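Trainee: have a look at this prediction, sequence included:
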Amino acid sequence: MSMTTFSGPVRSLNGFMEPVTYIFATDVVDYTVNISATGNYVILSTADGGPTTNIDLVLPQVVSGAFSLAYGQNQPADARYNGAKGSVYNYSEYPSNLMGYDGQKVNGFTGGVVVRPNTAVQWGGNGNQAAPWGAIISNFVTD
């Protein structure tokens, strides 16, 4: 066990630093769960009280001004989500979707990305409402 003189939490390879929110069947409304842009989630298995079907995890709405690549032009971003990041682990037996609010894109797709069973997805936001969310999918080895 290591010790530190830091007064705050320290990131560890042994687990989450931020709290984890568990997704239960009771959290699902019309196959949807609205999630925070900065949350860490675990979709529970049906046996543990999780959803009994696939669900959509919906990230918040990103609202920004017009972007321009012209030199010296302002690059307005929705500051609430510029640099936001989060994750979800699907412990459920059902695949689910990570989606943007009202058709906003994740990885360039309005349909979002599939969070298959036994996978984790991490996302990040850039504040641009035209392409607000990027995500990576990690598969866990189950041998």
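Mentor: Noted; the coordinates are in hand.

Trainee: in the sheet, who's paired with Ser87?
Mentor: Asn40, Gln122 (DSSP bridges).

Trainee: does it touch Tyr41 like I think?
Mentor: Yes - when contacts are counted by C-beta atoms under 8 Å, Ser87 is listed as touching Tyr41 (7.1 Å). Glycine gets a C-beta too; all of them are placed from N, C-alpha and C.

Trainee: neighbour count for the two, which is higher?
Mentor: Tyr41 (23 against 19; other C-beta atoms under 10 Å).

Trainee: any idea how far the spatially closest residue to the more buried one that is not a sequence neighbour is from Asp30?
Mentor: Take Tyr41 and drop its neighbours on the chain: the residue closest to it by C-beta to C-beta, 6 or more residues apart in numbering is Val88, 4.3 Å away. As judged by C-beta to C-beta, to the nearest Å, Val88 and Asp30 stand 19 Å apart.

Trainee: more crowded one of the two?
Mentor: A count of neighbours by other C-beta under 10 Å puts Val88 above the other of Val88 and Asp30, at 25 against 7.

Trainee: Ile55: what's it in contact with?
Mentor: By C-beta atoms under 8 Å, 6 or more residues apart in numbering, the contact set of Ile55 is Ile23, Val28, Tyr31, Thr32, Val33, Ile43, Tyr94, Ser96, Asn97.

Trainee: at 7 Å what do you get?
Mentor: By C-beta atoms under 7 Å, 6 or more residues apart in numbering, the residues touching Ile55 are Val28, Tyr31, Thr32, Val33, Ser96.

Trainee: burial of the second one, as a residue count?
Mentor: Spelled out, that is Tyr31. Tyr31, neighbours per other C-beta under 10 Å, totals 12.

Trainee: check what pLDDT the residue nearest to it when sequence neighbours are not counted gets.
Mentor: Of all residues not flanking Tyr31 in the chain, Ile55 sits nearest, at 5.4 Å (C-beta to C-beta, 6+ apart). On pLDDT, Ile55 comes in at 97.

Trainee: now Gly15
Mentor: The predicted local confidence for Gly15 is 56.

Trainee: likewise Gln73?
Mentor: 68.

Trainee: try Gly86
Mentor: Looking at Gly86, the pLDDT reads 96.

Trainee: touching, it and Asn40? I think so.
Mentor: Yes - contact criterion C-beta atoms under 7 Å: Gly86 and Asn40 qualify, at 6.1 Å.

Trainee: fine by me, thanks again.
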